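1. From the sequence below, what's the structure:
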Amino acid sequence: MAPIRVLLRYGLLLCFFACRTSHATADYQLEAVFLFNFTQFVEWPSSAFARDDSPLSICVLGEDPFGNYLDDIVRGENAGHHPLIVERHRNADTIGHCHILFFSQSEAESFRRVLQGIKSNNVLTVGGFQGFANNGGIIRFHIVDNKLRLRVNLNAAHDARLTISSKLLRQAELIGYGED
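-> The predicted model follows:
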């Protein structure tokens, strides 16, 4: 495995919980790295893919805070036999099938409606705003003492039939519905 991949997959996972963040761009760059890392630490059921070599899609809904950074991180990468692709959607009506769906801050008002529409579709939902995990989102990014942290809603992950690696869960705050 190339040294950069080792750094992205494992080294930054540790940094994710220890690194101090002070600038919004740095926060979003770190979040983009972890969207990639989630492809390595989450298992989707085989029924989530049309074929054994179908792409794993990382979708951004709403205003894109990542720019080209997310594209650069996933370019040429795979999750198992699944090549990674990035899709951007300005509104929920254009979403096809996503494996990871990142809700940007611009979608804070409408995310509950979107979650209802994708509830049983094996989608790892990720967001960074208050109430996200409490209302059915699976992973919420949040800042505590200038450190980027994860809050994981285990009930929502179970409902989506996703298996999250213990390596990821060990470092996260685990919640169920109503605890965000």
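2. in the protein, which helix has the most residues?
-> Longest helix in the chain, counting residues (DSSP state H): helix 24-41.
3. Next SSE downstream of that one?
-> strand 42-43 (DSSP states H and E).
4. quick one: strands adjacent to that next one?
-> strand 163-164 (antiparallel) (DSSP bridges).
5. rounded to a whole number, what's the mean pLDDT of the partner strand?
-> Summarised as a single mean, pLDDT over strand 163-164 is 97.
6. Can you pull out the residues in contact with it?
-> Residues from elsewhere that reach strand 163-164 (Cβ atoms under 8 Å, 6 or more residues apart in numbering): 41-43, 152, 154, 157. Heads up, the C-betas are built off the backbone N, CA and C, glycines and all.
7. Any regions of the protein where pLDDT drops low?
-> Counting by pLDDT under 70, the ranges of the chain that qualify are 1-25, 177-180.
8. And the helices in it?
-> Under DSSP H, the chain gives helices at 3-6, 12-18, 24-41, 69-74, 111-118, 154-159, 166-169.
9. one step back: among the contacts of strand 163-164, filter down to the buried ones and hand me the PyMOL syntax, if you would.
-> The PyMOL command for the buried members of the contacts of strand 163-164 (criterion: 16 or more other Cβ atoms under 10 Å) is given here:
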select buried, resi 41+42+152+154+157
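10. so which of the contacts of strand 163-164 comes closest to Glu173?
-> Relative to Glu173, the closest of the contacts of strand 163-164 is Val152; by Cβ to Cβ it sits at 7.1 Å.
11. for the contacts of strand 163-164, which one is nearest Ser166?
-> Nearest to Ser166 among the contacts of strand 163-164 is Phe41, at 9.2 Å by Cβ to Cβ.
12. could you redo the helices of the chain as CSV and give each row distance to Gly127?
-> Shown next, in CSV, are the helices of the chain (distance: least, Cβ to Cβ, whole Å):
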stretch, distance to Gly127
helix 3-6, 26
helix 12-18, 16
helix 24-41, 10
helix 69-74, 15
helix 111-118, 6
helix 154-159, 11
helix 166-169, 17
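13. Isn't His99 up against Thr125?
-> No: applying Cβ atoms under 8 Å, one finds His99 not in contact with Thr125, separated by 10.6 Å.
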